[in-house]
Structures are given as C-alpha cells and as structure tokens.
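Colleague: Sequence isn't available, so here's the structure alone:
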Ligand SMILES: CC(=O)[C@@H](O)[C@H](O)COP(=O)(O)O
Ligand SMILES: NCC(=O)COP(=O)(O)O
C-alpha cells in the first residue's frame, strides 16, 4: 500500500492568516500521525507565506513517521534541508512567485545541476525525489541518470482529466511509473489528488510508493473532520492490488 503523507501547507496558511499560533502546526502534525497518517509533507516557499523555515525544524523534532520537504533547491532551501535532515527531499522547479507548483523538471536541460544537488542530499542520508511530468519517457530516463531515489509524478493533469471523465489519462501515469521502477527509482505522486480520484489512481499504479496530499485533504476535512479524512484516504489506498 502506498504511504499517505499529509501536506500541511494549508494548516500553516490558516495559522498565518491571524498572525498567532492557531491552529498549532506541530500539534496538527502530531494528530495526523496519531490518526494514521504515515508522513508529513511541507513545501516552504521563498516568501514563507505558509510554511516558515522554522516550522521545518519544529516538525523534525516531533514527526515520528517521515518528514518530506519539497521545494526548489535554491541555496537557502538547500541549507534548510541539510540543516533539518528530513527523511525525504522532493525537488520542485518552482518560480519564486508561483501560486502553486505548475510543472515538473526538465531533467534533460537540468541533468547536471540535479545530479550535483542530489549527490549532496544523498551524502547527508536524505532520500531524494524529483517532481516530474508524465508523457515523455525521456524525462524519466534523464531523471534516472541524476541518481534520484524516486520521482514524484505531477498529478494535476490526471486530476483535471479524471474529473471530466477522461479516465484514459491514467495510461501515461502508468507507463511513467513502470519505466521509473524499471530504471531503479521509487514512485511518488502528488498535486490535486483527492478523495474522488485517489482510489482510481492508486489502483492503476501498482508501483506507487507514496502520495502527498494537502489542498483537497484539508478542504475535505472541513466537512468530515481530519481524523475521518485521514482514515478515508487510508481505506482508499489499502490493499488494492
Ligand atoms: C509539489 C506540489 O505538488 C505542490 O502541490 C505543493 O506541495 C503544494 O504547494 P502549495 O500548498 O504552495 O500550493
Ligand atoms: N507533492 C504534492 C503535495 O504535497 C500536495 O499537493 P496538493 O494536494 O496540495 O495539491
């Protein structure tokens, strides 16, 4: 069964909206683990509009499952990750002013940059993952040459097309996952995964190691409650192969 890593960016967004400490990010992360969550994901952005760099240190102290830090490896992000030493780092090619992540890496153009960054993180004992688009096998092949442990399949297109009933979109994800595994990499996935689409996605991607889910999960928790939602995802991910 794929590991469920809960992205808590939106908890930090809510906290920051009042400038205080409600909700308390560390407590929410502890509760998510208590409810069955198998990982905590954060994506500190350069303007720290939701996750602050200090949050990464605070979470490292208490996360007992797996801390995954996502971001573009600009110098201050690299330093943060090396100082915090999470279980996993996911490299995402975001611009500074991105509203959210909107593309995977061009692993061909940035092959040597990624190789160097990945070597540094691996040296520190941190598992590495590269955020990647599907549909072009050459990008997965180039990802493998960087030494990355895993790829994270960027699932926005899947979510949009599946939402319109175009279930055939899964083929490019299935092929990308299969190729990544053949090349010796693990397979993560994320972006816009939700209670509506997670079961179909996971059922069709037997190679799936981990999903990171935030925006939809926190929105769904407004209706069902956080504990129920975590368990609904676990149920939809369990033993489906
Ligand atoms: C890498 C990725 O897929 C993103 O979904 C990201 O982690 C979410 O970031 P925001 O919460 O800033 O939209
Ligand atoms: N890596 C994807 C992630 O952490 C969460 O993305 P989203 O569910 O907030 O779209």
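Modeller: In hand now; what should we look at? Predicted, not measured: the structure shown is a model, and the values here were computed from it. Numbers count the residues shown, from 1 in each chain. Ligands and ions are numbered 1, 2, ... in the order given.
Colleague: Could you use CA atoms for every contact and neighbour count after this?
Modeller: Noted.
Colleague: Would you check how far apart residue 54 and residue 38 are?
Modeller: According to CA to CA, to the nearest Å, residue 54 and residue 38 sit 22 Å apart.
Colleague: just residue 85 next, same as before
Modeller: 18 Å.
Colleague: again, but for residue 90
Modeller: Noted for residue 90: a distance of 16 Å to residue 38, by CA to CA.
Colleague: likewise residue 74?
Modeller: Relative to residue 38, and taking CA to CA, residue 74 is found at 28 Å.
Colleague: If we look just around ligand 1, which residues of the protein are in range?
Modeller: Neighbours of ligand 1 within the chain, by CA under 6 Å from any ligand atom: 9, 43, 92, 100-101, 190-191.
Colleague: And the buried ones among these, selectable in PyMOL?
Modeller: Of these, the buried ones can be selected in PyMOL as follows, counting by 16 or more other CA atoms under 10 Å:
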select buried, resi 9+43+92+101+190+191
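Colleague: Residue 90 and residue 38: which is more packed in?
Modeller: residue 90 (24 against 21; other CA atoms under 10 Å).
Colleague: That one against residue 132, yeah?
Modeller: No - using CA atoms under 8 Å, residue 90 is not in contact with residue 132, being 10.3 Å away.
Colleague: Quick check: neighbours shared by those two?
Modeller: Both residue 90 and residue 132 are in contact with residue 152, where contact means CA atoms under 8 Å, 6 or more residues apart in numbering.
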